[in-house]
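*Asks:* just a sequence and a predicted model for now, questions to come.
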Amino acid sequence: METQNLSEQPLVIVLPAQPYLGDELETAIKRASVTGRNTIVDFSLVEMMSSATICSLMILERLLNGAGRQLVLCCMAPNIMGIFRRVGLQGLFVFADDQPAAQQWLQQHPCSC
């Protein structure tokens, strides 16, 4: 069945420059609940971020964690990373420099959720 794709390849979401204007994270939340795969969120295009985006990321992280899967955020510009630090969320998420580093982290840290 296609909806039971248990592939070990992570789901990769590349956010647009202004993720709060689209529904990419809401779509990712729905896909993550169906596929049950580790997820990488690529911030390489992100220029601005809202509190709604952070909230969606928190929902996604909890959903994945509850399913025994993990979330890794990657390719984050220093100004965007600064937002996570300022609001004290750097400990909630796993960060990687790029997609290959995120995939490597997922391989080296199987979820013990």
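*Replies:* Yes, it's here.
*Asks:* following element in sequence after the helix or strand of the chain with the lowest mean pLDDT, please.
*Replies:* Ranked by mean pLDDT, DSSP states H and E, the weakest helix or strand in the chain is helix 24-35, scoring a mean of 74. Under the assignment DSSP states H and E, the closest C-terminal helix or strand after helix 24-35 is strand 39-42.
*Asks:* so how far is that following strand off the chain centroid?
*Replies:* With C-alpha atoms, centre = their mean, to the nearest Å as the basis, strand 39-42 stands 4 Å off its chain's centre.
*Asks:* just to revisit the earlier point, what sits up against the least confident helix or strand of the chain?
*Replies:* Residues outside helix 24-35 that contact it (C-beta atoms under 8 Å, 6 or more residues apart in numbering): 3, 5, 7, 11, 13, 15-16, 19, 39, 41, 53, 56-57, 59-60, 63-64, 67, 69. The C-beta positions use only the backbone N, C-alpha and C, and glycine is treated the same way.
*Asks:* give me the mean pLDDT for the longest helix seen in the chain.
*Replies:* Counting by DSSP state H, the longest helix found in the chain is helix 51-66. Averaging pLDDT along helix 51-66 yields 89.
*Asks:* distance check, the residue nearest the centre of the chain against Met48.
*Replies:* Centroid-nearest residue in the chain, with C-alpha atoms, centre = their mean: Val41, separated by 3.7 Å. Going from Val41 to Met48 by C-beta to C-beta, to the nearest Å gives 16 Å.
*Asks:* cool, and Gly66?
*Replies:* For Gly66, the distance to Met48 - C-beta to C-beta - is 29 Å.
*Asks:* of these two, which one has the most company?
*Replies:* Met48 (13 against 10; other C-beta atoms under 10 Å).
*Asks:* for that one, what are its contacts?
*Replies:* Here Met48 is in contact with 17-18, 20 (C-beta under 8 Å, 6+ apart).
*Asks:* in strands only, show me those residues.
*Replies:* Counting by DSSP state E, no part of the contacts of Met48 is found in strands.
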